[in-house]
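Visitor: everything below, folded, please.
(one chain, ligands or ions: 1)
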Amino acid sequence: MVNYIVVTGGVISGLGKGITTASIGKILQFYDYEVTALKIDPYINYDAGTLRPTEHGEVWVTEDGGEIDQDLGHYERFLDKDIPKYHNITTGQVYHAVIEKERRGEYLGKTVQPIPHVTDEIKSRIRKASEEGVDFVLVEIGGTVGDYENVLFLEAVRQMRLEGEKVLFVHVTYVPSIKTLGEQKTKPTQHSVKLLREIGIQPDFIIARSEEPIDDVRKEKIALFCNVHEDDVISDPDVENIYAVPLLFEEQKLSKKIMRKLGLKARRRGEKYREWKDFIERIEDLREEVKVGIVGKYFDIGSFKLFDSYISVIEAIKHASWKNGFRPRIEWIDSKDFEKDKRKLKILDELDAVVVPGGFGLSGIEGKIRAIEYCRTNNIPYLGLCLGMQLAVVEFARNVCNLKDANSTEIDENTPHPVITCLPEQIEILRESRYGASMRLGSYPAHLKKGTLVHKLYGKDIVYERHRHRYEVNPDYVEILEKNGMVFSGKSPDGKLMEFLELPDHRFFVATQAHPEFKSRPMKPSPLFDGLIRSAKGLL
Ligand code: GLN
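Guide: Predicted structure coming up:
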């Protein structure tokens, strides 16, 4: 029988529930359990593809082409496995399915209601994940307990336990420290658990997020007021390295406690624990820095800047740096600065490498093109991802091929040289304003050209990377770009789409139409990021 661990959140959002969920999965893997995870998002959007990154962070792309909440990225990275798109359940999908069934007459004669019809739909979607032959399904419920919009999801998991399924509830809360008091306060946690219990859910564990570890006095208090055993209050203080969280849980014997509560036979800890522990110890000892600049556009939210939209790029840089023995230092560079003042480009000299990540829209584009030109002409290692590849082509067309005002038609529809154009199948979609799940999405193969740097880095003839875009290199310009020295080192199997490019005379100038950051894992970095870091440190 499959075991479910439901993770809810309390007090505030942004506690790192995704990392907590992924870390619980990881400690179960330490005991050789098969684990998977799914994320429930209570919004009405069908998927995350149409959400603004400033509000919701990065859009994660799955192997099978789902545009998903970024927490699935944490699951993939921690659990080291691909998670399919149906592991993201939104209110939009659930209601859509229920209404379609109603129209088909599947509930004929019945009044279709939130309970039981919507909750039944939710349960059947959660249960589907258990058919993958796993021991554990982790279910993270988005939002905060007390929100109006996640109530039906909580109701569904409450029913699952009542129906005899093996379900444990983990509640992640926040224990703030008030400076003027010099003390950690548990009241918000007490209130949040009270709300959860009103819904009919008694948490089995409370994971207390806080700046500093919580002490025994706080544990006792939380235990008493929240009706849990003291041992089941797990301290989860801020850590510098998110991948250390599983070890923090393991030290507090959370996995053993989970197994005991679920009546599972005690198991020995396997190889995976050692591997992870050695990995964490090794990276924590690293001293020498590698400085990587991400040239993007950064959005201010009030007085704060949001970096969440590049989370997988950041993680991929970390993985590659660690593998090569360096401590990554990421510099945030706002491309708009280069538009105002060209002299600012000098700051790129202080970096070991530069990345231009994916993006949409017009703002900051010319600044990015200037940064790419600077990297190309000053031999600074450069990696372009999706938009970062498209702009590398624009820059090369303008400044090397002398194609004046060359551009992407996404940016300038009337450019005399549309070196980047809309994919043919995308033109119709855009005309009809069908924006949802309509880009070129998910994993696609590319054939790599022997003798190129990209081929050497991957060490393979055919590679699969994930995509999310509408535009591509215009086939009409490939010849002139190649004649001027640009090498397309990877193409789609029919040879029509340019998937990878490089400049052979440069130390490291590589770009791809794909998003290799989505396949980077802590101990298995993406080959392109690995190459970038090695080149940055003269190891390539
Ligand atoms: N906006 C570009 C396109 O749609 C690039 C997308 C991206 O960087 N993911 O093709």
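Visitor: run through the residues that contact the closest residue to residue 110 other than its chain neighbours.
Guide: Spatial nearest neighbour of residue 110, excluding adjacent residues (C-beta to C-beta, 6 or more residues apart in numbering): residue 117 at 7.8 Å. For every residue, glycine as well, the C-beta is placed using N, CA and C. Taking C-beta atoms under 8 Å, 6 or more residues apart in numbering as the criterion, residue 117 is in contact with 98, 107, 110.
Visitor: could I get the pLDDT score of residue 117?
Guide: Listed pLDDT for residue 117 reads 96.
Visitor: how about residue 46?
Guide: Model confidence at residue 46 (pLDDT) stands at 86.
Visitor: also residue 461?
Guide: 98.
Visitor: repeat for residue 361
Guide: Residue 361 is given a pLDDT of 80.
Visitor: likewise residue 437?
Guide: 69.
Visitor: list the contacts of residue 430.
Guide: 422, 470.
Visitor: how far away is it from residue 65?
Guide: Remark: distance between residue 430 and residue 65 (C-beta to C-beta, to the nearest Å) = 18 Å.
Visitor: tell me the secondary structure at residue 82.
Guide: Taken by DSSP: H, G, I helix; E, B strand; the rest coil, the conformation at residue 82 corresponds to coil.
Visitor: tabulate the contacts of residue 117 (a markdown table), appending distance to residue 292 and secondary structure.
Guide: Shown next, in a markdown table, are these (distance: C-beta to C-beta, whole Å; DSSP: H, G, I helix; E, B strand; the rest coil):
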| residue | distance to residue 292 | secondary structure |
| --- | --- | --- |
| 98 | 46 | helix |
| 107 | 55 | coil |
| 110 | 58 | coil |
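Visitor: which of those residues are buried, as a PyMOL select command?
Guide: In PyMOL syntax, the buried subset of the contacts of residue 117 is picked out as below (16 or more other C-beta atoms under 10 Å):
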select buried, resi 98
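Visitor: low-confidence regions, this protein specifically.
Guide: 52-56, 298-308, 437 (pLDDT under 70).
Visitor: phi first, then psi, for the residue in it sticking out farthest from the centre.
Guide: Centroid-distance maximum for the chain: residue 109 at 43.5 Å, with C-alpha atoms, centre = their mean. Backbone torsions of residue 109, given as degrees, to the nearest 10, read phi 90, psi -20.
Visitor: and if you look at the one 10 residues further on?
Guide: When quoted as degrees, to the nearest 10, the phi and psi of residue 119 stand at phi -60, psi -40.
Visitor: burial count for the closest residue in space to it that isn't next to it in sequence?
Guide: Residue nearest to residue 119 in three dimensions, not counting chain neighbours: residue 156, with 4.3 Å by C-beta to C-beta, 6+ apart. Using other C-beta atoms under 10 Å, residue 156 has 26 other residues around it.
Visitor: my read: residue 156 touches residue 124, true?
Guide: No: taking contacts as C-beta atoms under 8 Å, residue 156 lies outside contact range of residue 124: 9.6 Å.
Visitor: circling back: quick check, the residue nearest to residue 110 in a strand?
Guide: No: the assignment for residue 117 is helix, going by three-state DSSP, so no strand is present there.
Visitor: okay, now the residue nearest to residue 243 when sequence neighbours are not counted: neighbour count?
Guide: Once flanking residues are discounted, residue 243 sits nearest to residue 522: 5.7 Å by C-beta to C-beta, 6+ apart. Look at residue 522: counted by other C-beta under 10 Å, it has 19 neighbours.
Visitor: for residue 522, phi and psi?
Guide: Main-chain dihedrals, residue 522, degrees, to the nearest 10: phi -50, psi -50.
Visitor: against residue 18, how distant is residue 160?
Guide: Taking C-beta to C-beta, one finds residue 160 at 21 Å from residue 18.
Visitor: from the ligand, how far out is the residue nearest to residue 243?
Guide: 23 Å (C-beta to the nearest ligand atom, to the nearest Å).
Visitor: ditto for residue 417
Guide: Taking C-beta to the nearest ligand atom, one finds residue 417 at 17 Å from the ligand.
Visitor: how about residue 157?
Guide: 34 Å.
Visitor: kindly report the same for residue 430.
Guide: Counting by C-beta to the nearest ligand atom, the gap from residue 430 to the ligand is 10 Å.
Visitor: host element of that residue?
Guide: helix 424-431 (DSSP states H and E).
Visitor: name the next helix or strand downstream of that helix, please.
Guide: strand 440-448.
Visitor: can you check what angle separates that next one from helix 424-431?
Guide: 160 degrees (axes from the mean of the first three to the mean of the last three C-alpha atoms, to 10 degrees).
Visitor: just checking, what packs against strand 440-448?
Guide: Secondary-structure packing of strand 440-448 (3 or more C-beta pairs under 8 Å, 6 or more residues apart in numbering; DSSP states H and E): helix 453-458, strand 462-469, strand 487-491, strand 498-502.
Visitor: which of the ones you listed sits closest to residue 40?
Guide: strand 462-469 (22.4 Å; C-beta to C-beta).
Visitor: tell me the helix or strand right after that closest one.
Guide: strand 471-473.
Visitor: flag every buried residue along the next helix or strand after that next one.
Guide: Once the chain leaves strand 471-473, the next helix or strand it forms, by DSSP H and E, is helix 478-483. Of the residues in helix 478-483, 478, 480, 481 count as buried by neighbour count, 16+ other C-beta under 10 Å.
Visitor: same deal with stretch 235-255?
Guide: Buried residues in stretch 235-255, counted by 16+ other C-beta under 10 Å: 235-236, 242-250, 252, 254-255.
Visitor: before we move on, back to that, export the buried residues of helix 478-483 to a markdown table and tack on distance to the ligand?
Guide: A markdown table is the format used below for the buried residues of helix 478-483 (distance: C-beta to the nearest ligand atom, whole Å):
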| residue | distance to the ligand |
| --- | --- |
| 478 | 17 |
| 480 | 21 |
| 481 | 17 |
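Visitor: how much space separates residue 151 from the ligand?
Guide: From residue 151 over to the ligand (counting by C-beta to the nearest ligand atom), the distance is 35 Å.
Visitor: likewise residue 477?
Guide: Residue 477 is 16 Å from the ligand, by C-beta to the nearest ligand atom.
Visitor: which residues touch residue 29?
Guide: 35, 79, 272.
Visitor: can you check residue 329 too?
Guide: For residue 329, counting by C-beta under 8 Å, 6+ apart, the contacting residues are 289, 290, 291, 292.
Visitor: most widely separated two among those residues?
Guide: Spanning the widest gap among the contacts of residue 329 are 289 and 292, at 9.7 Å by C-beta to C-beta.
Visitor: those two: which is more packed in?
Guide: residue 292 (27 against 12).
Visitor: is the more buried one located within a strand, as I assumed?
Guide: Yes: remark: residue 292 belongs to a strand, assigned using three-state DSSP.
Visitor: which parts of the stretch 301-450 of the chain sit against the ligand?
Guide: Counting by C-beta under 6 Å from any ligand atom, the stretch 301-450 of the chain comes close to the ligand at 358, 359, 360, 386, 387, 410.
Visitor: looking at these, which are in helices?
Guide: When DSSP state H defines the helices, the subset of those inside them is residue 387.
Visitor: out of the residues of the stretch 301-450 of the chain next to the ligand, which are buried?
Guide: Counted by 16+ other C-beta under 10 Å, these give 358, 359, 386, 387, 410 as buried.
Visitor: okay, those residues in CSV with distance to residue 201 next?
Guide: Putting these into CSV (distance: C-beta to C-beta, whole Å) gives the following:
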residue, distance to residue 201
358, 39
359, 41
386, 41
387, 43
410, 47
